[in-house]
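J.: structure for the following, please:
(one chain, ligands or ions: 2)
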Amino acid sequence: MEKSRPHVILSGAISVDGKIATKTNDSKLSSQKDIQRLHKLRSSVDAILIGKNTASRDNPLLTVRHVKGKNPIRIVLDSKGTISKTSKILQSSNKVPTIIAISKKITKKNLEKLEKFPVEIISTGNDSVNLKLLLKKLSKKKIKTILVEGGGTVNWEFVKHNLFDEMILTISPYLLGGEDSISYLRGTGFSRISHSPNLRLKSVKRLKNHLVLHYVKL
Ligand SMILES: NC(=O)C1=CN([C@@H]2O[C@H](COP(=O)(O)OP(=O)(O)OC[C@H]3O[C@@H](n4cnc5c(N)ncnc54)[C@H](OP(=O)(O)O)[C@@H]3O)[C@@H](O)[C@H]2O)C=CC1
Ligand SMILES: Nc1nc(O)c(N)c(N[C@@H]2O[C@H](COP(=O)(O)O)[C@@H](O)[C@H]2O)n1
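T.: Ligands and ions are numbered 1, 2, ... in the order given. Now for the predicted structure:
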């Protein structure tokens, strides 16, 4: 029987105080060794998923470059289709398979912009992208594993809706502080510790001063 959703792995790098970026959007926390580990992980999954703020602030490529391996499909959650036409993701969409997940909120102009690129457009939800429905549709497309690479809003939605199976988190040796820096999980947060998913620590890998924690959700 087909699984109703793909296997979801949350991935990211945090400072020791749990931040994924400074208020001025400095987010490069991983070391070179850790980036190599990430690229190996990328090459083992079917798709990578990010939110539209990460797409605009980081302007990432989301490819496998630091090790040999295949590029996964790239998925951007972008309800209103605001991703820039000059973004690396759209500009490289003729080389790397790309899905833009939109909702009914998209404007005609933005839809027409997206349709000029060789991307697949999947629409779910009235306001934000409906994650459960999107995952179901991705499952039907034989996408079996997804690496969620942030940012904080997207990470929270996957945790809140219990839509993940594993988490691989690098703790990098920095202290960023500040109310306006970006936390690994944004959103409203849980009101009680008992509402948190239970995690089993599967492994800890030390990369000099960086720690890679691998958790499995119980
Ligand atoms: N250190 C690290 O490992 C990483 C750091 N980062 C950093 O994170 C920051 C960005 O995080 P953040 O601002 O929280 O934004 P996100 O990248 O999480 O994007 C959030 C946006 O995605 C869109 N979206 C559409 N549907 C959904 C849905 N169902 N659930 C959640 N989001 C949805 C929404 O915009 P709309 O309504 O318009 O569709 C939403 O505002 C950047 O500074 C980046 O550098 C990012 C990744 C990794
Ligand atoms: N694991 C991890 N460590 C960091 O320090 C990071 N900043 C990120 N960011 C994620 O990787 C994307 C950049 O990918 P490319 O190098 O452009 O391929 C970025 O957008 C985040 O999703 N991850």
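
J.: name the element Ile121 belongs to?
T.: Ile121 is part of strand 120-123 when elements are defined by DSSP states H and E.

J.: for that strand, which positions count as buried?
T.: Neighbour counts over strand 120-123 (16 or more other C-beta atoms under 10 Å) mark 121-123 as buried. Placement of C-beta: from N, CA and C, glycine included.

J.: and if you look at stretch 121-133?
T.: Buried residues in stretch 121-133, defined by neighbour count with 16+ other C-beta under 10 Å: 121-125, 128-131.

J.: the helix ranked longest in the chain and ligand 2 in contact?
T.: In the chain, with assignment by DSSP state H, the single longest helix is helix 32-43. Yes - using C-beta under 6 Å from any ligand atom, helix 32-43 reaches ligand 2 at Leu38.

J.: show me what the helix or strand following that helix is packed up against.
T.: Using DSSP H and E, the helix or strand that follows helix 32-43 in sequence is strand 47-51. Applying 3 or more C-beta pairs under 8 Å, 6 or more residues apart in numbering; DSSP states H and E, one finds that strand 47-51 makes contact with strand 73-77, strand 145-148, helix 152-160.

J.: if you look at the longest one, does any of it touch ligand 2?
T.: What that stands for is helix 152-160. No - against ligand 2, helix 152-160 shows no contacts by C-beta under 6 Å from any ligand atom, the least distance being 9.3 Å.

J.: what's that helix packed up against?
T.: strand 7-15, strand 47-51, strand 145-148.

J.: kindly report the same for the shortest one.
T.: In this structure, strand 145-148 makes packing contacts with strand 7-15, strand 47-51, helix 152-160, judged by 3+ C-beta pairs under 8 Å, 6+ apart.

J.: repeat the analysis, applying 10 Å as the threshold.
T.: For strand 145-148, the packing partners by 3 or more C-beta pairs under 10 Å, 6 or more residues apart in numbering; DSSP states H and E come out as strand 7-15, helix 32-43, strand 47-51, strand 73-77, helix 131-140, helix 152-160, strand 166-172.

J.: which residues touch it?
T.: The contact list for strand 145-148 (C-beta atoms under 10 Å, 6 or more residues apart in numbering) reads 5-12, 38, 41-42, 44-51, 62, 72-73, 75, 77, 134-135, 138-139, 154-155, 157-159, 163-168.

J.: the same query, at a cut-off of 8 Å, please.
T.: Contacts of strand 145-148 from elsewhere in the structure, counted by C-beta atoms under 8 Å, 6 or more residues apart in numbering, are 6-11, 41-42, 44-50, 72, 75, 135, 138, 154-155, 158, 164.

J.: put the buried members of those into a ChimeraX selection.
T.: Remark: buried members of the contacts of strand 145-148, expressed as a ChimeraX selection using 16+ other C-beta under 10 Å:
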select :6,7,8,9,10,11,41,42,45,46,47,48,49,50,72,75,135,138,154,155,158,164
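
J.: report the rounded mean pLDDT for the one helix or strand Leu211 maps to.
T.: If you go by DSSP H and E, Leu211 is part of strand 210-217. Mean pLDDT, strand 210-217: 99.
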